[in-house]
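K.L.:
Next comes the sequence, and after it the predicted model I'd like to discuss.
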Amino acid sequence: MEYSDIIIYMMELVGTVAFAVSGAMTAIQKRMDLFGVNVLGVTTAVGGGLIRDLILGANPPVMFRNYTYALTAVIASTLLFVVVFFKERGGIRPFLPRVTRTMPLGRNAHEAYDRLLLVGDTIGLGIFTVVGSHNAVSAGYEQNRFLLVFVGVLTGVGGGMLRDVMAGNMPYILVKHVYAVASLAGALVYMALYRHISDLQCMMAGAAAVMLIRFLAAHYRWNLPKI
(Lines give C-alpha, C1' and ligand atoms only; values in the text may rest on other atoms or scores of the structure.)
Protein backbone atom coordinates (compact mmCIF):
# COMPACT_ATOMS: atom_id res chain seq x y z
CA MET A 1 0.00 0.00 0.00
CA GLU A 2 1.42 3.39 -1.06
CA TYR A 3 1.78 6.34 1.28
CA SER A 4 -1.11 8.21 -0.36
CA ASP A 5 -3.34 5.14 -0.05
CA ILE A 6 -2.58 4.95 3.67
CA ILE A 7 -3.52 8.61 4.11
CA ILE A 8 -6.77 8.12 2.19
CA TYR A 9 -7.58 5.04 4.26
CA MET A 10 -6.98 7.00 7.47
CA MET A 11 -9.22 9.79 6.17
CA GLU A 12 -11.97 7.24 5.56
CA LEU A 13 -11.65 5.93 9.12
CA VAL A 14 -11.79 9.47 10.53
CA GLY A 15 -14.88 10.17 8.43
CA THR A 16 -16.41 6.89 9.59
CA VAL A 17 -15.92 7.82 13.25
CA ALA A 18 -17.24 11.34 12.67
CA PHE A 19 -20.41 10.15 10.93
CA ALA A 20 -20.91 7.35 13.45
CA VAL A 21 -20.79 9.91 16.25
CA SER A 22 -23.37 12.11 14.52
CA GLY A 23 -25.65 9.12 13.94
CA ALA A 24 -25.26 7.84 17.49
CA MET A 25 -25.90 11.32 18.90
CA THR A 26 -29.12 11.58 16.92
CA ALA A 27 -30.19 8.17 18.26
CA ILE A 28 -29.37 9.21 21.83
CA GLN A 29 -31.44 12.36 21.44
CA LYS A 30 -34.31 10.15 20.24
CA ARG A 31 -33.87 7.97 23.36
CA MET A 32 -33.02 4.83 21.39
CA ASP A 33 -31.43 1.88 23.18
CA LEU A 34 -27.88 0.60 22.61
CA PHE A 35 -28.91 -1.44 19.56
CA GLY A 36 -30.69 1.54 18.01
CA VAL A 37 -27.69 3.77 18.67
CA ASN A 38 -25.41 1.32 16.88
CA VAL A 39 -27.79 0.83 13.96
CA LEU A 40 -28.06 4.58 13.39
CA GLY A 41 -24.32 5.08 13.88
CA VAL A 42 -23.40 2.37 11.36
CA THR A 43 -26.07 3.50 8.89
CA THR A 44 -24.78 7.07 8.97
CA ALA A 45 -21.15 5.98 8.67
CA VAL A 46 -21.46 3.53 5.77
CA GLY A 47 -24.78 4.45 4.14
CA GLY A 48 -23.34 6.94 1.67
CA GLY A 49 -20.54 4.59 0.70
CA LEU A 50 -23.03 1.76 0.18
CA ILE A 51 -25.10 3.85 -2.24
CA ARG A 52 -21.89 5.01 -3.99
CA ASP A 53 -20.69 1.45 -4.56
CA LEU A 54 -24.06 0.38 -5.96
CA ILE A 55 -23.98 3.28 -8.45
CA LEU A 56 -20.39 2.51 -9.49
CA GLY A 57 -21.13 -1.19 -9.82
CA ALA A 58 -18.80 -2.27 -7.01
CA ASN A 59 -20.47 -5.47 -5.84
CA PRO A 60 -20.46 -6.47 -3.11
CA PRO A 61 -20.01 -2.96 -1.65
CA VAL A 62 -16.83 -2.17 0.24
CA MET A 63 -18.56 -2.29 3.64
CA PHE A 64 -19.16 -6.01 3.11
CA ARG A 65 -15.68 -6.72 1.77
CA ASN A 66 -13.89 -4.78 4.49
CA TYR A 67 -15.63 -4.97 7.86
CA THR A 68 -13.25 -2.40 9.38
CA TYR A 69 -15.61 0.48 8.58
CA ALA A 70 -18.69 -1.07 10.16
CA LEU A 71 -16.66 -2.25 13.16
CA THR A 72 -15.17 1.22 13.64
CA ALA A 73 -18.67 2.72 13.54
CA VAL A 74 -19.91 0.22 16.13
CA ILE A 75 -17.00 0.96 18.47
CA ALA A 76 -17.44 4.74 18.15
CA SER A 77 -21.22 4.53 18.66
CA THR A 78 -20.91 2.23 21.67
CA LEU A 79 -18.27 4.39 23.34
CA LEU A 80 -20.42 7.49 22.92
CA PHE A 81 -23.43 5.64 24.31
CA VAL A 82 -21.43 4.52 27.36
CA VAL A 83 -20.19 8.06 28.03
CA VAL A 84 -23.69 9.54 27.88
CA PHE A 85 -25.21 6.59 29.78
CA PHE A 86 -22.96 7.08 32.78
CA LYS A 87 -23.12 10.84 32.52
CA GLU A 88 -26.89 10.74 32.93
CA ARG A 89 -26.41 8.75 36.11
CA GLY A 90 -23.78 11.11 37.45
CA GLY A 91 -21.04 8.49 37.34
CA ILE A 92 -18.57 10.49 35.25
CA ARG A 93 -18.16 14.11 34.21
CA PRO A 94 -17.18 14.35 30.54
CA PHE A 95 -17.80 17.31 28.29
CA LEU A 96 -21.54 16.63 27.85
CA PRO A 97 -24.02 18.26 30.26
CA ARG A 98 -26.06 15.90 32.40
CA VAL A 99 -29.46 14.88 31.09
CA THR A 100 -32.00 12.92 33.10
CA ARG A 101 -34.92 10.86 31.88
CA THR A 102 -37.34 12.74 34.12
CA MET A 103 -36.70 16.14 32.59
CA PRO A 104 -36.31 17.43 29.01
CA LEU A 105 -32.98 18.53 27.61
CA GLY A 106 -31.98 21.93 28.90
CA ARG A 107 -30.62 24.69 26.73
CA ASN A 108 -26.99 23.94 27.55
CA ALA A 109 -27.48 20.25 26.86
CA HIS A 110 -29.14 20.98 23.52
CA GLU A 111 -26.27 23.28 22.54
CA ALA A 112 -23.62 20.70 23.48
CA TYR A 113 -25.39 17.89 21.63
CA ASP A 114 -26.01 20.05 18.56
CA ARG A 115 -22.36 21.18 18.57
CA LEU A 116 -21.13 17.60 18.65
CA LEU A 117 -23.57 16.68 15.87
CA LEU A 118 -22.38 19.64 13.78
CA VAL A 119 -18.67 18.80 14.16
CA GLY A 120 -19.15 15.09 13.44
CA ASP A 121 -21.43 15.74 10.49
CA THR A 122 -19.12 18.37 9.01
CA ILE A 123 -15.96 16.26 9.22
CA GLY A 124 -17.73 13.22 7.82
CA LEU A 125 -19.35 15.26 5.05
CA GLY A 126 -16.04 16.78 3.95
CA ILE A 127 -14.12 13.52 3.92
CA PHE A 128 -16.74 11.31 2.32
CA THR A 129 -17.58 13.83 -0.39
CA VAL A 130 -14.03 13.74 -1.76
CA VAL A 131 -13.67 10.00 -1.11
CA GLY A 132 -16.75 9.44 -3.26
CA SER A 133 -15.31 11.48 -6.14
CA HIS A 134 -11.94 9.75 -5.70
CA ASN A 135 -13.59 6.33 -5.94
CA ALA A 136 -15.38 7.36 -9.13
CA VAL A 137 -12.03 8.37 -10.66
CA SER A 138 -10.43 5.12 -9.48
CA ALA A 139 -13.30 3.18 -11.10
CA GLY A 140 -12.38 4.72 -14.48
CA TYR A 141 -15.02 7.44 -14.77
CA GLU A 142 -12.67 10.43 -14.75
CA GLN A 143 -14.09 11.65 -18.08
CA ASN A 144 -17.64 11.86 -16.71
CA ARG A 145 -17.48 15.01 -14.62
CA PHE A 146 -21.17 14.99 -13.77
CA LEU A 147 -20.78 11.50 -12.32
CA LEU A 148 -17.74 12.58 -10.28
CA VAL A 149 -19.70 15.40 -8.67
CA PHE A 150 -22.92 13.40 -8.27
CA VAL A 151 -21.21 10.43 -6.63
CA GLY A 152 -19.18 12.72 -4.38
CA VAL A 153 -22.25 14.57 -3.12
CA LEU A 154 -24.28 11.40 -2.71
CA THR A 155 -21.48 9.72 -0.75
CA GLY A 156 -21.25 12.76 1.50
CA VAL A 157 -24.95 13.27 2.21
CA GLY A 158 -26.31 9.73 1.78
CA GLY A 159 -25.53 8.45 5.28
CA GLY A 160 -26.91 11.55 6.98
CA MET A 161 -30.06 11.40 4.88
CA LEU A 162 -30.67 7.77 5.85
CA ARG A 163 -30.01 8.68 9.49
CA ASP A 164 -32.57 11.46 9.49
CA VAL A 165 -35.23 9.36 7.76
CA MET A 166 -34.74 6.48 10.22
CA ALA A 167 -34.84 8.91 13.16
CA GLY A 168 -38.04 10.53 11.90
CA ASN A 169 -36.43 13.93 11.24
CA MET A 170 -36.60 16.21 8.23
CA PRO A 171 -33.43 15.32 6.27
CA TYR A 172 -30.62 17.69 7.20
CA ILE A 173 -29.71 18.28 3.56
CA LEU A 174 -33.03 20.00 2.89
CA VAL A 175 -33.12 22.53 5.71
CA LYS A 176 -29.81 23.03 7.53
CA HIS A 177 -26.84 25.34 7.02
CA VAL A 178 -26.12 24.91 3.31
CA TYR A 179 -25.45 21.21 3.88
CA ALA A 180 -25.74 19.71 0.40
CA VAL A 181 -24.39 22.90 -1.19
CA ALA A 182 -21.20 22.58 0.89
CA SER A 183 -20.79 18.99 -0.33
CA LEU A 184 -21.40 20.13 -3.91
CA ALA A 185 -18.74 22.83 -3.55
CA GLY A 186 -16.21 20.29 -2.26
CA ALA A 187 -16.93 17.90 -5.12
CA LEU A 188 -16.54 20.75 -7.64
CA VAL A 189 -13.20 21.75 -6.08
CA TYR A 190 -12.00 18.15 -6.40
CA MET A 191 -13.19 17.93 -10.01
CA ALA A 192 -11.52 21.23 -10.94
CA LEU A 193 -8.15 20.25 -9.46
CA TYR A 194 -7.72 16.51 -9.97
CA ARG A 195 -6.05 16.91 -13.39
CA HIS A 196 -3.58 19.50 -12.13
CA ILE A 197 -2.34 18.33 -8.72
CA SER A 198 -2.01 15.00 -6.93
CA ASP A 199 -5.16 13.11 -5.99
CA LEU A 200 -4.40 13.42 -2.27
CA GLN A 201 -3.98 17.19 -2.57
CA CYS A 202 -7.30 17.38 -4.44
CA MET A 203 -9.01 15.47 -1.66
CA MET A 204 -7.51 17.70 1.03
CA ALA A 205 -8.60 20.84 -0.81
CA GLY A 206 -12.12 19.55 -1.46
CA ALA A 207 -12.63 18.36 2.12
CA ALA A 208 -11.30 21.67 3.47
CA ALA A 209 -13.75 23.58 1.26
CA VAL A 210 -16.69 21.56 2.56
CA MET A 211 -15.73 21.99 6.21
CA LEU A 212 -15.03 25.71 5.82
CA ILE A 213 -18.41 26.38 4.19
CA ARG A 214 -20.26 24.26 6.76
CA PHE A 215 -18.65 25.90 9.79
CA LEU A 216 -19.12 29.39 8.35
CA ALA A 217 -22.75 28.61 7.51
CA ALA A 218 -23.38 27.33 11.04
CA HIS A 219 -21.65 30.32 12.63
CA TYR A 220 -23.34 33.00 10.50
CA ARG A 221 -26.67 31.13 10.17
CA TRP A 222 -26.45 30.94 6.40
CA ASN A 223 -29.29 29.19 4.62
CA LEU A 224 -30.60 29.13 1.10
CA PRO A 225 -33.77 31.20 0.51
CA LYS A 226 -36.99 29.47 1.45
CA ILE A 227 -40.65 30.42 1.68
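P.N.:
Perfect, thanks for sending it.

K.L.:
Residue 136: neighbour count?
P.N.:
Using other C-beta atoms under 10 Å, residue 136 has 26 neighbouring residues. Backbone N, C-alpha and C define where each C-beta goes, glycine included.

K.L.:
Would you mind listing the buried residues in the lowest-mean-pLDDT helix or strand in the chain?
P.N.:
Least confident helix or strand, the chain: helix 172-175 with a mean of 80, by mean pLDDT, DSSP states H and E. Buried residues in helix 172-175, counting neighbours by 16 or more other C-beta atoms under 10 Å, are found at 172, 173.

K.L.:
What are the contacting residues of it?
P.N.:
Helix 172-175 is contacted by residues 121, 157, 160, 161, 164, 179, 180, 223, 226 when judged by C-beta atoms under 8 Å, 6 or more residues apart in numbering.

K.L.:
what's the closest non-adjacent residue to the fourth one?
P.N.:
Nearest-residue entry for residue 161: residue 171, 4.8 Å, with adjacent residues in sequence omitted and distances by C-beta to C-beta, 6 or more residues apart in numbering.

K.L.:
and the lengthiest helix in the chain, what does it pack onto?
P.N.:
Looking across the chain with DSSP state H, the single longest helix is helix 107-138. Helix 107-138 sits against helix 3-29, helix 34-56, helix 145-167, helix 179-193, helix 199-220, with contacts defined as 3 or more C-beta pairs under 8 Å, 6 or more residues apart in numbering; DSSP states H and E.

K.L.:
Residue 75: which of these is closest?
P.N.:
When these are compared by C-beta to C-beta, helix 3-29 sits nearest residue 75, at 8.3 Å.

K.L.:
residues touching the closest residue to residue 119 other than its chain neighbours, list them.
P.N.:
Sequence neighbours aside, residue 18 is the residue nearest to residue 119 in space, at 7.5 Å (criterion: C-beta to C-beta, 6+ apart). By C-beta under 8 Å, 6+ apart, the contact list for residue 18 reads 119, 120, 121, 122, 123, 124, 127.

K.L.:
Before I go, just wanted to say thanks for your time.
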